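>>> Next one to model:
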Amino acid sequence: MGETEDKERRTRAGAVKVLVVEDSPTVRALLVELFSSDPSLRVVGVVSDGDEALAAVLQHRPDVVTMDIHMPRMNGLTATRQIMETAPVPIVIITGSSEPESVAVTFDAMEAGALTVLPRPTGLGHPDHAAMARELIQTVKLMSEVKVVRRWSVSRPRAAGGRASASAGKEGVPRLVAIGASTGGPPALHTILSSLPKTFPLPIVIVQHMASGFIGGFVDWLRGACRLDIRVGIHGEVLAPGRVYVAPDERHMTVAKDGTIVLTTKPPMNGIRPAVSALFRSVAETYGGDAIAGLLTGMGRDGAEELRLLKEAGAVTFVQDKDSSAVHGMPGEAIKLDAAMFVLPPEKIAAMLLTMTSGGAIRAERTT
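Numbering: from 1, shown residues only. Sure thing, here's the model as predicted:
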């Protein structure tokens with residue numbers, strides 16, 4: 001064996017183990033070729049339906065699974081649920097469909113424990129192929145490092161109505177809620193927003209890091225479970241109580257002093273556009289202490305420094321706790337900066353929002 005071949009063999013021996021679950025032979029071949037092109041990845045199994053996926057996870061113990069949604073016998077949603085209940089492993093959903101029904105199933109799979117969703121890469125020769133291939137490979141590597149936990153086959157707890165226990169907090173009623181989220185954010189946002197009434201008195205602005213092309217479907221998915229009016233933010237739109245505005249693809253979303261949404265194509269912040277940092281900075285400048293702002297699960301540190309600025313300006317600030325986070329990067333960075341007044345799981349964040357907007361206050365809960 002030559003020196004180069006021996007080096008590659010030794011590299012792949014410690015590589016990230018990938019299980020590919022895909023019913024299309026053409027797409028399977030494309031994914032295997034892409035992953036095999038990177039020496040830090042090693043494909044340990046290739047299967048064509050959910051039944052085979054569950055058996056392959058138990059047999060190969062992969063570090064990460066790429067999961068198709070529409071497959072014979074057992075689809076990707078059911079397979080994700082069963083894997084996360086029996087042998088949890090990071091799962092990346094890869095889909096080639098943008099139909100509303102398909103997108104809804106994709107986000108149901110994320111609620112069941114999948115970490116993120118990416119579009120199916122285009123074939124060789126397509127102008128977007130190289131960029132999509134790089135994003136897929138990088139995402140698979142990053143997700144393989146996430147420590148997932150077992151999901152039990154029980155209903156997600158709902159936030160109770162009424163007030164949380166009160167002993168400390170800010171007096172008065174803020175005028176805006178701003179939330180940032182990344183990996184694992186969709187199910188956390190689902191829990192929070194579905195627990196709020198149609199009469200919630202404040203506008204809510206959200207930046208959710210997500211692959212381009214999925215924000216519209218994400219908003220549709222949230223609408224199916226929430227009483228609030230949820231929409232993709234539009235430049236110049238006036239913020240209204242009881243409405244939720246989600247930043248669109250490839251646009252920073254900020255808020256102006258006249259109470260309108262501003263969308264820009266300014267350069268990425270923290271390598272990201274839309275960035276939570278851009279939104280939070282504008283909220284700090286425009287609303288100051290008259291805001292509630294928080295960071296949910298996600299990689300990196302986007303928004304952490306700006307959450308500290310909001311806290312210093314007098315805003316109520318919160319982060320998602322470590323136990324309920326898929327990735328405690330963004331919330332953890334905010335905690336290090338002492339930027340969070342409250343550290344809570346999603347259902348308690350919903351209860352906090354109800355309490356704060358009814359003029360009450362809640363007991364601060366800090367975790368590390």
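
>>> P72 and T86, how far apart?
21 Å (CB to CB, to the nearest Å). Placement of C-beta: from N, CA and C, glycine included.

>>> meant to ask about E306
Counting by CB to CB, the gap from E306 to T86 is 40 Å.

>>> before we move on, the earlier item: okay, P72 and T86: which has more neighbours?
The residue with more neighbours, out of P72 and T86, is T86; 13 against 10, by other CB atoms under 10 Å.

>>> give me every residue that touches that one.
Neighbour list for T86: 54, 58, 150 [criterion: CB atoms under 8 Å, 6 or more residues apart in numbering].

>>> Filter those down to the buried ones.
L54 (16 or more other CB atoms under 10 Å).

>>> Pipe the contacts of T86 into CSV and attach distance to S212 and pLDDT per row.
As requested, the contacts of T86 are exported to CSV (distance: CB to CB, whole Å; pLDDT from 0 to 100):
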residue, distance to S212, pLDDT
L54, 31, 94
L58, 34, 95
R150, 32, 75
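
>>> want to throw the contacts of T86 into a markdown table with distance to A351?
Shown next, in a markdown table, are the contacts of T86 (distance: CB to CB, whole Å):
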| residue | distance to A351 |
| --- | --- |
| L54 | 36 |
| L58 | 38 |
| R150 | 25 |
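
>>> neighbours of the closest residue to D38 other than its chain neighbours, just the number please.
What sits nearest to D38 in space, not counting adjacent residues and going by CB to CB, 6 or more residues apart in numbering, is I137, at 5.4 Å. When neighbours are defined as other CB under 10 Å, I137 has 19 of them.

>>> Strands along this protein, start to end?
Shown for the chain, the strands assigned by DSSP state E span residues 16-21, 41-47, 64-67, 91-95, 116-119, 176-181, 204-208, 229-232, 243-246, 252-255, 261-264, 291-295, 316-320, 342-344.

>>> Identify whichever of these lies nearest to R273.
Of all the strands of the chain, strand 252-255 sits nearest to R273, with 5.8 Å by CB to CB.

>>> rewinding a little: which ones among the contacts of T86 are found in helices?
54, 58 (DSSP state H).

>>> Identify, from the contacts of T86, the entry nearest to K17.
Among these, and counting by CB to CB, the member closest to K17 is L58, at 13.4 Å.

>>> ok, for that closest one, nearest residue in space, not its chain neighbours?
Once flanking residues are discounted, L58 sits nearest to A87: 5.6 Å by CB to CB, 6+ apart.

>>> Can you give me the separation between the one you found and G45?
Using CB to CB, A87 is found at 13 Å from G45.

>>> what about those two, which has more around it?
Shown here are A87 and G45; by other CB under 10 Å, G45 has more neighbours (18 against 13).

>>> Go ahead and confirm the more buried one touches A56.
Yes. At 4.3 Å, G45 counts as touching A56 under the criterion of CB atoms under 8 Å.

>>> Which neighbours do the two have in common?
Shared contacts of G45 and A56, defined by CB under 8 Å, 6+ apart, are found at 19, 62.

>>> contacting residues around the residue most central in space within the chain?
Closest to where the C-alpha atoms of the chain average out (CA atoms, centre = their mean) is G185, at 2.9 Å. For G185, the contact set (CB under 8 Å, 6+ apart) comprises 208-209, 296-298.

>>> redo that, cut-off 6 Å
208, 296-297 (CB atoms under 6 Å, 6 or more residues apart in numbering).

>>> Out of these, which is nearest to D108?
Q208 (16.3 Å).

>>> Neighbours of that closest one, how many?
Q208, neighbours per other CB under 10 Å, totals 23.

>>> what stretches of the stretch 151-300 of the chain score poorly on pLDDT?
Low-confidence segments of the stretch 151-300 of the chain, defined by pLDDT under 70: 151-173.

>>> could you dump the contacts of G185 to JSON lines with distance to D323?
JSON lines is the format used below for these (distance: CB to CB, whole Å):
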{"residue": "Q208", "distance to D323": "21"}
{"residue": "L296", "distance to D323": "13"}
{"residue": "T297", "distance to D323": "11"}
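
>>> so G259 touches L239, yeah?
Yes. Using CB atoms under 6 Å, G259 is in contact with L239, at 5.1 Å.

>>> For G314, the count of nearby residues, please.
Per other CB under 10 Å, the neighbour tally for G314 reads 16.

>>> Could you do L279 as well?
Neighbours of L279 (other CB under 10 Å): 27.

>>> how near is it to V246?
Per CB to CB, L279 is found 11 Å from V246.

>>> ok so, going back, so for G259 and L239, which residue has more residues nearby?
Taking neighbours as other CB under 10 Å, G259 and L239 compare with L239 leading, 19 against 15.

>>> Just give the closest residue to the more buried one, not the sequence neighbours.
That would be P203: by CB to CB, 6+ apart, it lies 4.0 Å from L239.

>>> Next, the contact list for the nearest residue to A293 once chain neighbours are set aside, please.
When the adjacent residues along the chain are set aside, A293 lies closest to A178, with 4.4 Å between them (CB to CB, 6+ apart). A178 is in contact with 205, 279, 283, 293, counting by CB under 6 Å, 6+ apart.

>>> Go ahead and confirm V46 touches V20.
Yes. V46 is within contact range of V20, at 4.7 Å (criterion: CB under 6 Å).

>>> count of residues packed around P248?
19.

>>> Once you drop chain neighbours, what's closest to it?
Setting aside the residues directly before and after it, P248 is nearest to V232 in space (CB to CB, 6+ apart), at 5.0 Å.

>>> what's that neighbour in contact with, if anything?
V232 sits next to 219, 246, 248 when contact means CB under 6 Å, 6+ apart.

>>> And A79, by the same measure?
A79 touches 50, 53, counting by CB under 6 Å, 6+ apart.
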